[in-house]
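S.K.: the sequence isn't on hand, but the structure is:
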């Protein structure tokens, strides 16, 4: 391997080490002291509950581990948004599990907590996979109630989804494993079946303090809404469990008896590993996001047998389209080519830029995959669409619109991996979050923004200096350099994959070597939801 490969490898492995370090921190939730306090009550933590529930030695993927990261400084931290969400296997059935983390503000719901819960329900609805709620929450975080309570995508949407999912026949099982109060009490009771843990769990619309304040009644929480009350008197809950593990065992028993789902019929054969070493991805991916590399070499290290059947290989070369397999599943891959290529017109085309011919090719390939019922995988490293008079006169807006139309109306499941840059309309055309990918993940090398940092900093510098000059301030070269540095620092933070993951613009930041697992488990989930619509692009300009 050459020196450049080694430098790339060192840089990317440092990014990976930083990812692992950050994850270990958020995985502690509210910290070691609160974990010890939870254990002293005879309770498991949210992550321990999920791990116990999943089949031993089975694969799982976590949604939104970095949700809320660095977002609520005025209110303290909110690791993982105060809720753990994972997709894994219970009694060999793929499920999504939502577990409140009571070590984080007693499991109270921040705005990002609601968004993450809604994302979990969205995944369940899209893929028709069972969803398990492990409830242990003090309810809405009152200091921020105005940002979580009344709007369409706020707290109340959770219960609306409960009802809709029930009508769709999607299995929902809840275990009340701690506090469950006020409006939050509806979630477990709107599930198909509810389990409550004796002595450590309670559920009521108002706790004993509020009851006394409201109607003057003196009563303790256990008598008001404990396991005995709801299993023997009110009939609100269906099963009483003696402790956390007993409750989780009951869930495993129920899930183990669920009948087999219909499936969408996506093609799968026996899985094969890539023949090219996946570890080499770290050395192939450049340190600088402006450097070029051959995306085909990355693809070879992601797909079975390192085989890609390329579609229109000599046309529209800044996007690679082709058929492959990932863990046995047939997929259609759409990837930005990051090296400079020569077009059929003998002109050079910049890597990572979408040209008219590339957009045209991608549109046709997406249509083909929909015709053949093949899931789509988008590998993003895109700086946007080509600009300038030649592109405008050639109809780049029209061709880009066709590609966006095809992505929007695609009925096969889509999966997006942000490898490097994800800028501007390129993010949209390559199936960014707004275009409903079933799962969207980023590598530690990813960057998300409306435009590249250098270009954005220069534009913002012009705006800011012009504003200061209007106010009569003299802009010296030193002052200009200071302003530029401030802009670059701010922009660098906002384009970080952690900034995006904190806001759930992506589902996760992952080790590149986990990409095959995410796509395979994603397609397995999608295969449980038969396609009910036909691909139709509507009216487009040809």
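M.R.: That came through fine. Note that the structure is a prediction, hence the values are computed from the model and not measured.

S.K.: show me where the stretch 1-150 of the chain dips below the pLDDT cut-off.
M.R.: 1 (pLDDT under 70).

S.K.: all the strands of it, in order from the start?
M.R.: 61-63, 83-90, 93-100, 131-137 (DSSP state E, counting those that start in this stretch).

S.K.: could I get the ones you listed in CSV, plus columns for mean neighbour count and distance to residue 304?
M.R.: Where C-beta positions appear, they are placed from N, C-alpha and C, glycine not excepted. Below are these laid out as CSV (neighbours: other CB atoms under 10 Å; distance: least, CB to CB, whole Å):
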stretch, mean neighbour count, distance to residue 304
strand 61-63, 22, 19
strand 83-90, 24, 22
strand 93-100, 24, 21
strand 131-137, 27, 30
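
S.K.: distance of the spatially most central residue of the chain relative to residue 122?
M.R.: In the chain, the residue lying closest to the centroid (CA atoms, centre = their mean) is residue 507, at 1.2 Å. Counting by CB to CB, to the nearest Å, the gap from residue 507 to residue 122 is 11 Å.

S.K.: re the thing from before, what bridges to the closest residue to the residue nearest to the centre of the chain other than its chain neighbours?
M.R.: With sequence-adjacent residues excluded and distances taken as CB to CB, 6 or more residues apart in numbering, residue 507 is closest to residue 63, at 5.0 Å. With DSSP bridges as the criterion, residue 63 is bridged to residue 85.

S.K.: for the residue nearest to the centre of the chain, what are its contacts?
M.R.: 63-64, 119, 439-441 (CB atoms under 8 Å, 6 or more residues apart in numbering).

S.K.: try it again with 10 Å
M.R.: Residues in contact with residue 507 (CB atoms under 10 Å, 6 or more residues apart in numbering) are 61-65, 67, 85, 87, 116, 119, 123, 416, 433, 437-442, 501, 518, 522.

S.K.: buried sites along the longest helix belonging to the chain?
M.R.: Scanning the chain for the longest helix, with DSSP state H as the assignment, gives helix 3-26. Residues of helix 3-26 classed as buried by neighbour count (16 or more other CB atoms under 10 Å): 8-9, 11-12, 15-16, 19, 22, 26.

S.K.: stretch 163-180 now?
M.R.: Neighbour-count burial for stretch 163-180, counted by 16+ other CB under 10 Å, picks out 165, 170-180.

S.K.: same check on stretch 271-283?
M.R.: Buried-residue list, stretch 271-283, by 16+ other CB under 10 Å: 274, 276, 278, 280-283.

S.K.: got these as CSV, with secondary structure, pLDDT and distance to residue 190 columns?
M.R.: What follows is the buried residues of stretch 271-283, written out as CSV (DSSP: H, G, I helix; E, B strand; the rest coil; pLDDT from 0 to 100; distance: CB to CB, whole Å):
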residue, secondary structure, pLDDT, distance to residue 190
274, coil, 98, 45
276, coil, 97, 49
278, helix, 97, 43
280, helix, 98, 49
281, helix, 98, 44
282, helix, 98, 46
283, helix, 97, 51
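
S.K.: which of those lies closest to residue 336?
M.R.: Among the buried residues of stretch 271-283, residue 281 lies closest to residue 336 (CB to CB), at 15.7 Å.

S.K.: which residues touch the closest one?
M.R.: Residue 281 neighbours (CB under 10 Å, 6+ apart): 8-9, 12, 274, 297-298, 300-302, 419, 443, 445, 511-513, 515.

S.K.: again, only using 7 Å
M.R.: Applying CB atoms under 7 Å, 6 or more residues apart in numbering, we find residue 281 in contact with 298, 301, 512.

S.K.: make TSV from the residues you listed and add pLDDT to it.
M.R.: Converted to TSV, the contacts of residue 281 look like this (pLDDT from 0 to 100):
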residue	pLDDT
298	98
301	98
512	98
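
S.K.: show me the two of the buried residues of stretch 163-180 that sit farthest apart.
M.R.: 170 and 179 (25.9 Å).

S.K.: which secondary structure state is assigned to residue 178?
M.R.: strand (DSSP: H, G, I helix; E, B strand; the rest coil).

S.K.: hang on, it packs against residue 202?
M.R.: No. Applying CB atoms under 7 Å as the test, residue 178 and residue 202 come out as separate, 8.1 Å apart.

S.K.: what's the closest non-adjacent residue to residue 342?
M.R.: Nearest one to residue 342, counting by CB to CB, 6+ apart, is residue 348 at 5.9 Å.

S.K.: low-scoring stretches of the stretch 151-300 of the chain, by residue?
M.R.: 183.

S.K.: hey, where'd the strands end up in it?
M.R.: Remark: strands assigned in the stretch 151-300 of the chain by DSSP E, counting those that start in this stretch are 172-181, 193-197, 202-204, 239-241.

S.K.: can you pull the contacts of the residue lying closest to residue 502 once chain neighbours are set aside?
M.R.: Excluding the flanking residues, the one nearest residue 502 by CB to CB, 6+ apart is residue 69, at 3.9 Å. Contact analysis of residue 69 by CB under 7 Å, 6+ apart lists 26, 498, 501-502.
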